[in-house]
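Engineer: Next come a sequence and a model predicted from it.
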Amino acid sequence: MRVDRRRTRSFSEIASEYLRERTAPGRAFAAFRAELRTRVVPVHWTNLFGVITVASIAVLFVTGVILMFVYVPSSEPVIYKGDFAPLVGIEVSRAFDSVMRLSFDVPGGLMLRQLHHWAALLVPASIMLQLLVSFFTGAFRRPRRGSWLALFLLLIAVLAGGWSGYALPDDALSGTGLRIVHGIVHSIPFVGTWIASFLFGGEFPSTIIENLNLIHVAIVPVVVLLLIALRARSAYKNKPPQFAAGGREEGNVVGMPMLPHAAVRSGGFFAIVVGVLVLMASAVQISPLWTYGPADPGTVSAGSQPDWYTGFLDGALRLVPPGWEFVLFERTFTLALLAPLVVIGVFLLTVAVYPFLEGWLSKDKSDHHILDRPRNTATRTGIGVAGMTFYGVLWLAASADVMAFVLQLSFESVIVTLQVTLFAGPVLAFILTRRICLALQKKDRDLVLHGYETGRIVRLPGGEFVEVHQPLEAQERWRLAAHTHPDAIEARPSEAGRLSVLERTRSALAAKFYADRIDKGAPESAHEEPEGAHQEPEGAHEEPDPAPNATAAAVDTGTRPQPTMVR
């Protein structure tokens, strides 16, 4: 008797094949999946900051949805009757009561709340690191200026979400922060009273908890998802940037296939980040609101500190000298609040538009897919370190009272020191960083021209002693000497023959900006591309020919691509 040994396919396999081959969405998804298999992404440790951001945001969304089922966003007063004996019989808000019930009565509630809080602290750090990497390597240049702006707006949205969530428990610590915000908003000339009334729903504290909950659970998540989608679209549309090396140029990408290698690598690190957050939430206490007590408009906590990501705002308020006021239009303007608002606003605006400022300065309209080494752009690197110093001083000033207490110093001396450092620190940081970058460029030039020092001393026939140097390998010489040095563009008159002040200013700034690069002075062979630079690395996988149709592209041939690809 003849036996049919063919395996019987399950219903799910038949349905999956039908959807993949017979429906338009299925064919589109199959083609998209096949395209991702051929897409190549570079491998570098800085790419993991994006995975940290996505993992933290995913934790925030999951835990936030679960917490919504218990949290009550209401300022209505109730009498606490929970398990925490010291607060029994005390009048608290429904918001505070629900968070206490979540922490002590709901199984796993305290861990979920702490997991949500730790993830909220990690997200701004990872985004800031992404911004710094993009800045120092020039990843913000065309065609990724929009991606830089989306990442910056994502940071602002995350800060807004963190601040609004920080106040939702309605404890004494967050109440102190809200009182400070209320005073700052009130200080805005002409419109401050109206904005404060709109935000707080009347006199402090009024319905601020209900308003902040709307921002935290509705507005911020939508904005965050939209900005992430915009960055994902930009990353899919444009080729990923890569660091200079042999075989890498503007027209290709050297790395590993996105599917499955890069996806599995990112997925594994994603799981590690989530695991570390869960471990921290389980073992490290954060925001013990039962020790703070409920919020009271007439009580301010001594030694209170904001979450780290808003510390620079608090520090800006502390560094303004007292008594800075003037009267205009029969109104008193307090610079102690206006000056920090203006300074912080200008600082953040400069960060947002810097890619466009540098593009205007250089009149560079070409696309860049090769990243810069920070040492080769000394002025830009100096500007970045100066900005970090400025932010760091403001952030440090938020703990001026704690430093004075711990170090046994007078509070006034700490404030004066930080005030001087706020102005002198960025200037010194810029000069020192620029000099270090130029020194590193000189070191690279010596390596390209003479090679590495071997420590071997040889006596020449004429009696002279010289040290033997080991020439660099072709790939290393290419990495050090192959980057381009764009020249500053001279001022050009308009069609009417006039040379505007703006054009002269741009030309002068460009000359200063591009006077930071030392010609490697390498022999011609050092600038030539090393032999085999365009060839694929050993074991590389050739890009497959495009599939004739979407159905054929979706068929898995069983061939496994190697980890390294060139496209």
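Structural biologist: Arrived safely, thanks for sending. These figures come from a predicted structure and were not determined experimentally.

Engineer: Tell me where this protein has strands.
Structural biologist: 40-41, 77-79, 91-93, 242-243, 254-257, 325-328, 331-334, 370-371, 452-459, 465-470, 565-566 (DSSP state E).

Engineer: As a markdown table, those strands with mean neighbour count and distance to residue 267 would be great.
Structural biologist: Yep, even glycine has a C-beta here, placed from its N, CA and C like the rest. Shown next, in a markdown table, are the strands of the chain (neighbours: other Cβ atoms under 10 Å; distance: least, Cβ to Cβ, whole Å):
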| stretch | mean neighbour count | distance to residue 267 |
| --- | --- | --- |
| strand 40-41 | 24 | 14 |
| strand 77-79 | 13 | 45 |
| strand 91-93 | 20 | 42 |
| strand 242-243 | 18 | 22 |
| strand 254-257 | 22 | 14 |
| strand 325-328 | 9 | 57 |
| strand 331-334 | 12 | 52 |
| strand 370-371 | 20 | 25 |
| strand 452-459 | 10 | 40 |
| strand 465-470 | 11 | 42 |
| strand 565-566 | 20 | 19 |
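
Engineer: List just the one of those strands that sits closest to residue 516.
Structural biologist: strand 370-371 (17.2 Å; Cβ to Cβ).

Engineer: where's the closest one relative to the chain centroid, distance-wise?
Structural biologist: Its chain's C-alpha centre and that of strand 370-371 lie 19 Å apart, by Cα atoms, centre = their mean, to the nearest Å.

Engineer: Okay, now the sheet partners of that strand, with direction.
Structural biologist: Applying DSSP bridges to the sheet, strand 370-371 is found paired with strand 242-243 (parallel).

Engineer: ok, and for stretch 174-194, which residues are buried?
Structural biologist: Applying a neighbour-count criterion of 16 or more other Cβ atoms under 10 Å, one finds 174-182, 184-187 buried in stretch 174-194.

Engineer: Inside helices: which ones of the residues you listed?
Structural biologist: Counting by DSSP state H, the buried residues of stretch 174-194 place 174, 175, 176, 177, 178, 179, 180, 181, 182, 184, 185, 186 in helices.

Engineer: List just the nearest of those residues to residue 227.
Structural biologist: residue 181 (23.9 Å).

Engineer: separation between the closest one and residue 314?
Structural biologist: 11 Å (Cβ to Cβ, to the nearest Å).

Engineer: got it, and residue 364?
Structural biologist: In this view, residue 364 and residue 314 are 38 Å apart by Cβ to Cβ.

Engineer: try residue 82
Structural biologist: 32 Å.

Engineer: Please apply the same query to residue 353.
Structural biologist: Note on residue 353: its distance to residue 314, by Cβ to Cβ, is 25 Å.

Engineer: The two: which is more packed in?
Structural biologist: residue 314 (20 against 15; other Cβ atoms under 10 Å).

Engineer: so who does the more buried one touch?
Structural biologist: Residue 314 makes contact with 180, 306, 397, 398 under the criterion Cβ atoms under 8 Å, 6 or more residues apart in numbering.

Engineer: out of these, who's nearest residue 347?
Structural biologist: For the contacts of residue 314, the nearest to residue 347 is residue 397 (14.1 Å; Cβ to Cβ).

Engineer: Any regions of the stretch 401-550 of the chain where pLDDT drops low?
Structural biologist: Where the stretch 401-550 of the chain drops to pLDDT under 70, the residues are 482-488, 520-550.

Engineer: lowest-pLDDT helix or strand in the protein?
Structural biologist: Lowest by mean pLDDT, DSSP states H and E among the helices and strands of the chain is helix 550-553, with a mean of 35.

Engineer: shouldn't residue 347 be in contact with residue 389?
Structural biologist: No: under the criterion of Cβ atoms under 8 Å, residue 347 is not in contact with residue 389, lying 12.0 Å apart.

Engineer: So for those two, which sits in the more crowded spot?
Structural biologist: Using other Cβ under 10 Å, the more surrounded residue of residue 347 and residue 389 is residue 389, with 20 against 16.

Engineer: Distance check, the more buried one against residue 372.
Structural biologist: Residue 389 sits 21 Å away from residue 372, taking Cβ to Cβ as the criterion.

Engineer: Please apply the same query to residue 42.
Structural biologist: From residue 42 to residue 372 the distance is 15 Å (Cβ to Cβ).

Engineer: got it, and residue 329?
Structural biologist: Residue 329 is 50 Å from residue 372, by Cβ to Cβ.

Engineer: Equivalent analysis for residue 50, please.
Structural biologist: Residue 50 is 19 Å from residue 372, where distance means Cβ to Cβ.

Engineer: that older thread, which of residue 329 and residue 372 has more neighbours?
Structural biologist: Taking neighbours as other Cβ under 10 Å, residue 329 and residue 372 compare with residue 372 leading, 20 against 7.

Engineer: Provide a list of residues in contact with the more buried one.
Structural biologist: Neighbours of residue 372 in contact, by Cβ under 8 Å, 6+ apart: 136, 137, 138, 380, 483.

Engineer: Look up how far residue 375 lies from the second one.
Structural biologist: When Cβ to Cβ is applied, the distance between residue 137 and residue 375 equals 11 Å.

Engineer: Same check on residue 74?
Structural biologist: For residue 74, the distance to residue 375 - Cβ to Cβ - is 56 Å.

Engineer: shaky segments in the stretch 51-200 of the chain?
Structural biologist: Counting by pLDDT under 70, the stretch 51-200 of the chain has no low-confidence residues at all.

Engineer: ranges for the helices of the stretch 401-550 of the chain?
Structural biologist: Here the stretch 401-550 of the chain has its helices, by DSSP state H, counting those that start in this stretch, at 411-450, 474-481, 501-513, 524-527, 550-553.

Engineer: Tell me who's in contact with the residue minimising distance to the centre of the chain.
Structural biologist: Nearest to the mean C-alpha position of the chain, by Cα atoms, centre = their mean, lies residue 127 at 2.0 Å. Applying Cβ under 8 Å, 6+ apart, we find residue 127 in contact with 53, 151, 154, 155, 158.

Engineer: And residue 177, by the same measure?
Structural biologist: 166, 167, 304, 306.

Engineer: got the contact list for the last one?
Structural biologist: Contacts here follow Cβ under 8 Å, 6+ apart; on that basis residue 306 touches 166, 177, 313, 314, 398.

Engineer: so what's residue 204 closest to, chain neighbours aside?
Structural biologist: residue 182 (4.9 Å; Cβ to Cβ, 6 or more residues apart in numbering).

Engineer: of the strands of the chain, which approaches residue 233 most closely?
Structural biologist: Per Cβ to Cβ, nearest to residue 233 of the strands of the chain: strand 40-41, 15.8 Å.

Engineer: counting contacts, what elements does that closest one pack onto?
Structural biologist: Packing contacts for strand 40-41, counted by 3 or more Cβ pairs under 8 Å, 6 or more residues apart in numbering; DSSP states H and E, involve strand 254-257.

Engineer: Which elements pack onto the strand it packs on?
Structural biologist: strand 40-41, strand 565-566.

Engineer: and it, which strands flank it?
Structural biologist: Applying DSSP bridges, strand 254-257 is found paired with strand 40-41 (antiparallel), strand 565-566 (antiparallel).

Engineer: Could you tell me the least trusted of those strands?
Structural biologist: Here the lowest mean pLDDT among the strands paired with strand 254-257 goes to strand 565-566, at a mean of 60.

Engineer: mind checking how far residue 447 is from residue 239?
Structural biologist: Counting by Cβ to Cβ - residue 447 and residue 239 are separated by 30 Å.

Engineer: what does residue 275 give?
Structural biologist: In terms of Cβ to Cβ, residue 275 sits 32 Å off from residue 239.

Engineer: cool, and residue 359?
Structural biologist: 19 Å.

Engineer: Next: residue 84.
Structural biologist: Residue 84 is 56 Å from residue 239, where distance means Cβ to Cβ.

Engineer: ok, those two, which is more surrounded?
Structural biologist: residue 239 (18 against 14).
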